[in-house]
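J.: please work out how this folds:
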Amino acid sequence: MRIGRIGYINCAPVYGAIDRGIVALPAGAELITGTPAELNDLLVAGELDVSVISAIEYARHAKELVLLPDLAISCDGPVRSVALFAKQAVGRLGGSTILLSASSRTSVALLELLCRDVWKIKPKFAEARAEAQDLEALAALPHEAVLVIGDPALKLAAAGTYAHRYDLGEEWKRWTAQPFVFAVWAARRAADPIAIHQSHKRLLASRAWGLAHLDEIARETARVTQLPVATCREYLSGLDYAFTDTHRTALTDFLRRAGVPQFLQVA
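T.: Alright, predicted model coming up:
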């Protein structure tokens, strides 16, 4: 059983107890770490059995995948780690180049919706690497704005490099009054159902421990990211790791707006 995990700190509350040996994975299971886009492709290719996956990529490949219940990454307002950083106000970005993080697909789709339906602008998009080690090189590329996600977005916000910052979770909430689901956990339909059930059970147990120990996790993630503990604590406490009927409704609405078929079958 190969289980995918995002290398960003947003997954720390879900995997923290597993990392510490407090919750054991099923016998023979292993964790595979990657960016959201890498895990998306590995799960779809059958190289992973269970993984967190961008919500829009789950929907695009729902025939091969099944949702795991009660487990997602969402926000109900600011998400803090998915943001458009701009050199000028967003209303002036029409025709300008916006760099898109190569690491996320749900966030890109959300940005495209906001540009089209909320901000009413038609920028030019170009894909670029935007991991933490890429930020210096990213600044040298010609652009007026850049979409950055995960830990790099937290670092870029702290640096104050750009005059304007637009939190995509906050923009979605202002537009629709709904939470936004960035990622879900899914399994290959062809995978062993017993192993899937066991893995899901351990992930939920690890999440329960993580949410009960956010102060400890915030201290650890602060060491990893070199961000203040208070920043990490605020960030992690602003994320929601459940997947309720409210989240399902919000995700269905997003997929409808994005023109993606809605097929949210839960294991």
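
J.: can you list the weak-confidence ranges in this structure?
T.: Applying pLDDT under 70 to the chain flags residues 262-267.

J.: what segments of it are strands?
T.: 2-6, 30-34, 50-54, 65-75, 82-86, 97-101, 124-128, 145-149, 164-167, 180-188, 239-240 (DSSP state E).

J.: who wins for proximity to Arg256 among these?
T.: Closest approach to Arg256 among these is made by strand 180-188 (13.3 Å; C-beta to C-beta). All C-beta atoms are positioned from the backbone trio N, CA, C, and that covers glycine.

J.: any buried residues in that closest one, and which?
T.: Buried residues in strand 180-188, counted by 16 or more other C-beta atoms under 10 Å: Phe180, Val181, Phe182, Ala183, Val184, Trp185, Ala186, Ala187, Arg188.

J.: what about the helices in the chain?
T.: 12-19, 36-45, 55-60, 106-113, 135-140, 150-159, 168-176, 193-212, 214-225, 229-237, 245-258 (DSSP state H).

J.: can you list the buried residues of strand 180-188 in CSV and add distance to Asp253?
T.: Shown next, in CSV, are the buried residues of strand 180-188 (distance: C-beta to C-beta, whole Å):
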residue, distance to Asp253
Phe180, 10
Val181, 10
Phe182, 14
Ala183, 17
Val184, 15
Trp185, 20
Ala186, 20
Ala187, 24
Arg188, 27
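
J.: of the strands of the chain, which is nearest Leu255?
T.: Shortest distance between Leu255 and the strands of the chain, using C-beta to C-beta, is found for strand 180-188: 9.7 Å.

J.: can you give the strand pairings for the closest one, parallel or anti for each?
T.: strand 50-54 (antiparallel), strand 65-75 (antiparallel) (DSSP bridges).

J.: centre of the chain to the longest one, how far?
T.: In other words, strand 65-75. 11 Å (C-alpha atoms, centre = their mean, to the nearest Å).

J.: angle of it against strand 82-86?
T.: Interaxial angle of strand 65-75 relative to strand 82-86 (axes from the mean of the first three to the mean of the last three C-alpha atoms, to 10 degrees): 60 degrees.

J.: nearest to His197 among the buried residues of strand 180-188?
T.: Ala187 (9.3 Å).

J.: just grab the bridge partners of the closest one for me.
T.: Applying DSSP bridges, one finds that Ala187 bridges with Val50, Val66.

J.: how about the contacts made by it?
T.: Asp49, Val50, Leu65, Val66, Leu68, Ile196, Ser199, His200, Ala267 (C-beta atoms under 8 Å, 6 or more residues apart in numbering).

J.: try 6 Å
T.: Val50, Val66, Ile196 (C-beta atoms under 6 Å, 6 or more residues apart in numbering).

J.: ok, now how distant is the last one from Arg189?
T.: In this structure, Ile196 and Arg189 are separated by 10 Å, where distance is defined by C-beta to C-beta, to the nearest Å.
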